[in-house]
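In: Quick one, what's the 3D model for this:
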Amino acid sequence: MPKFTIDGKEIEVPAGTNVLQAALAHGIHIQHFCWHPDLPVDGNCRTCMIEVEKMPKLQIACNTVISEGMIVHTRSPKAVEAQRTALEFLLVNHPIDCPVCDQAGECYLQDNYMRYGLYGSKVEVEDKVRKRKVVDLGPIMLDAERCVLCSRCLRFEREVTGTNSLEFVNRGDHVSIATFESRPIAHDYAGNLADVCPVGALLSHDFRFKMRVWFLKAHESVCPGCSTGCNVFVDERDGEVERLRPRRNPGVNKSWMCDPGRALYKQIGVTSRVSGARVRGAASWEGVSVEAALDRVASALKDAGAASAFLGSPQGTNEDVFAFKALAEAVGGKLDFRVGDPQLKVREQIDQVLQRADRNPNTQGCLDQGVGRDGVAAILAACRAGSVRALVLQGPEMLRTPEAVDSIAKVPFVAVMATHEGPELDRATVVLPAALWAEAEGTFTNYQRRVQRLKAAVAAPGDARPRWQLAAFVLTRLGRSLGVATPREVFGLLAKATPDYASLDYRTIGTLGQALPSPEAAAPAAEARA
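Out: Residues are numbered from 1 along each chain as shown. Purely as a prediction, here's the structure:
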């Protein structure tokens, strides 16, 4: 742990830390463009110049490793002048696009000019070098005039996706980035190119011209697209989600997320959401209050007793799963969740970056809580035999399974918690409106057994409720109340009931999650307890 002094402040850092990392970690800002915490150091922008005592020349902070006793000055006259002139060089041919550029509000050039520049341009606008504008690269739009040649995008393509789609072309002040023959970016991580670009050269086609970013409010959450559980920001304005962005978590997704995950925001505010409860009448559906629908579910479960079955959903949070399991155990019915065998895919990769074959965020949480108990095949066999009189589904997955249709048709009462409308809901007797992941507080457990928090970003539509709440309300009607009113309290009950979660609460989980023992280490312990 070498100690060094930066701007008169003595700091101790881990060995191998560079000056820029140490400065940013301790609230000392040094301007930079090409450096990125999850990409190799390139050191080409030269804007992070610093003065180091006993070194004759200025050094770049991003590639200067700290040694014991080093004394660094980031705001000395020599350093300030070098930073300002390097910034001026980058801006020599930059177009005056700020009023129409989507990067406004998130642009390093704007921020650094206001903080370190504030000089008058020596180049007239009409004399600036012209490069290609509005080049359609599929999910990404390229404006080569705005590029500062930081090479972040090239390093991302080389080091993260391994696709090498982008390259530098031409020479001198005509150098620009391009794809071969202007071909579109074809992989599932193109959105990250807009994230790593510090200016407006690479922009998301989907978000372009949609919204000024300063109108957006960011909420911390977890992507529900697969068992990786990428940390994300949900950006919304006035209750409408406009985009998802990766939130850096070095232990899970670093600074990245896949494009299919980004597209999930489109499922949140659509008109096809289930916003009210309904029950099947003699001839058609009848809209009812959620309370009346819950009364019907409770009544059917009372009559069915042990002749009932429950299918959980790995799309639900740990809190949802806990309350649903409590309901099944109170009634005495069969219980499982493994529709489509997600437990076999939870750790299976479908690429070398982030995506996994299990397209559910909480399969591991269901396994940890022991919801995979009686077997989906056994439950369907009981339905076919007529021994299940009430079936409660935490999600509509089973209703979409063709081989299960005939079995479910023989169950006299089927209740389903649903977020979106679909033809499969016509197979149910009662439909309960459920809140989506971006509308609920709770936790997911990813494939690593890392428990991570998600926070409600927007309100659920109509009468939709969190799934744990729907299950808890039915329990109350059965005289078996959970005695809790918030997801935090539900997690407290879960932690008491699940040994590996015993040391956790929302505070200890924090913003980056908390890792439990690995699945390999947890298996022998579980067998010993059994």
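In: mind listing the helices for the stretch 351-500 of the chain?
Out: 363-368, 376-385, 405-409, 467-477, 487-497 (DSSP state H, counting those that start in this stretch).
In: Can you convert those into TSV and add a column each for distance to Asn318?
Out: Glycine gets a C-beta too; all of them are placed from N, C-alpha and C. Converted to TSV, these look like this (distance: least, C-beta to C-beta, whole Å):
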stretch	distance to Asn318
helix 363-368	4
helix 376-385	20
helix 405-409	27
helix 467-477	9
helix 487-497	6
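In: Nearest to Ala277, out of those?
Out: helix 467-477 (9.6 Å; C-beta to C-beta).
In: For the closest one, buried residues please.
Out: Buried residues in helix 467-477, counted by 16 or more other C-beta atoms under 10 Å: Arg467, Trp468, Gln469, Leu470, Ala471, Ala472, Phe473, Val474, Leu475, Arg477.
In: One more: stretch 232-251?
Out: Buried residues in stretch 232-251, counted by 16+ other C-beta under 10 Å: 232-236, 241-247, 249.
In: Now compare those residues and name the two farthest from each other.
Out: Glu242 and Asn249 (22.0 Å).
In: who touches the closest residue to Ile66 other than its chain neighbours in this structure?
Out: Nearest residue to Ile66, sequence neighbours excluded (C-beta to C-beta, 6 or more residues apart in numbering): Phe4, at 5.0 Å. Residues counted as contacts of Phe4 (C-beta atoms under 8 Å, 6 or more residues apart in numbering) are Glu10, Ile11, Val13, Ala22, Ile66, Ser67, Glu68, Gly69, Met70, Ile71, Val72.
In: how about the second one, secondary structure?
Out: Secondary structure assignment for Ile11 (DSSP: H, G, I helix; E, B strand; the rest coil): strand.
In: How about the one 4 residues further on?
Out: Here Ala15 is coil, with the state taken from three-state DSSP.
In: Between the contacts of Phe4, identify the one with the most neighbours.
Out: Val72 (27 neighbours; other C-beta atoms under 10 Å).
In: nearest to Ile140, of the contacts of Phe4?
Out: Closest to Ile140, out of all of the contacts of Phe4 and judged by C-beta to C-beta, is Ala22, at 33.1 Å.
In: That closest one belongs to a helix?
Out: Yes. The assignment for Ala22 (three-state DSSP) places it in a helix.
In: mind listing what it touches?
Out: By C-beta under 8 Å, 6+ apart, the contact list for Ala22 reads Phe4, Ile6, Ile11, Val13, Ile66.
In: quick one: which of those is nearest to Gln83?
Out: When these are compared for distance to Gln83 (C-beta to C-beta), Ile6 wins out at 14.9 Å.
In: correct me, but that closest one touches Thr74?
Out: Yes. In terms of C-beta atoms under 8 Å, Ile6 counts as a neighbour of Thr74; the distance is 6.6 Å.
In: Overlap of the contact sets of these two?
Out: Residues touching both Ile6 and Thr74 by C-beta under 8 Å, 6+ apart: Ala23, Ile28.
In: any idea how far Val52 is from Met70?
Out: From Val52 across to Met70, the span is 6 Å (C-beta to C-beta, to the nearest Å).
In: distance between the ends of stretch 452-469?
Out: Distance across stretch 452-469, first residue to last, is 20 Å (C-alpha to C-alpha, to the nearest Å).
In: Quick check: buried residues in it?
Out: 452-454, 456-458, 460-461, 464-469.
In: Kindly provide the whole-number mean pLDDT of that stretch.
Out: Per-residue pLDDT values over stretch 452-469 give a mean of 94.
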